[in-house]
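Undergrad: 3D model of this:
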Amino acid sequence: TVFGPNWNAADTLARQRVDELNQKNTDEGGTTTSTSNINAYYVPPYDNPLLWEGHSSLIDELMDELPSEQEEESQPKMGAIIASIGGGGLICGILEGLERYAGPATDNTVVVCAETEGAASFGNAWSQPTQDEKMDFSLDSIDSIATSLGALQVTPVAIKIISIL
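TA: Numbering: from 1, shown residues only. Here you go, the predicted model:
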């Protein structure tokens, strides 16, 4: 379903529909009242550790592509990773994967984050003066032609992780 002026509006609608479906199937005490086996689940697109774990497998794949120590005189190093930041899920996964492989191959790996012009929620959050303001920052709107690619707010976990690097 296409809905609203940006992704966040569609996300709000999706959450509401999940809640509505689940309320139809339960009474006030939480007991299932419907004979249908329909359960609705909301799957967040970027703000969930399970998703970050999945994204971290990108680093597993990159590490598999590096030549082994036997093929090179010294262990090869991963120089840089360039990724979109959007809501922060991909970057959380990349950083999780790099942490898993901490050592000579990934030490000093540069991670470059790119954002859609007009949807720079991370860049704007990062420019806020305090950590709390960074984590609470939200864009007023997505001013890009690609309204479905931008999140008004980055997951606070991405801000927290990047702040300690």
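Undergrad: In space, not sequence, find me the middle residue of the protein.
TA: The chain has Gly89 as the residue nearest its centroid, 1.2 Å off, counting by CA atoms, centre = their mean.
Undergrad: So that one versus Val43, what's the distance?
TA: 12 Å (CB to CB, to the nearest Å). All C-beta spots, glycine's among them, are computed from the backbone N, C-alpha and C.
Undergrad: For Trp7, see how far away Phe122 is.
TA: 15 Å.
Undergrad: okay, those two: which has more neighbours?
TA: Neighbour totals were compared for Phe122 and Trp7, and Phe122 leads with 26 against 21 (other CB atoms under 10 Å).
Undergrad: how about the more buried one, what does it touch?
TA: Ile85, Gly88, Cys113, Glu115, Val154, Ala158, Ile159 (CB atoms under 8 Å, 6 or more residues apart in numbering).
Undergrad: Tell me, what's the model's pLDDT at the residue lying closest to the third one once chain neighbours are set aside?
TA: Which is Cys113. In this structure, Cys113 finds its nearest non-sequential neighbour in Ile85, 4.1 Å apart by CB to CB, 6 or more residues apart in numbering. We note a pLDDT of 91 for Ile85 in this prediction.
Undergrad: Over to Thr33?
TA: For Thr33, the predicted pLDDT is 60.
Undergrad: Quick check, pLDDT for Met78.
TA: The score at Met78 is 88. That number is its pLDDT.
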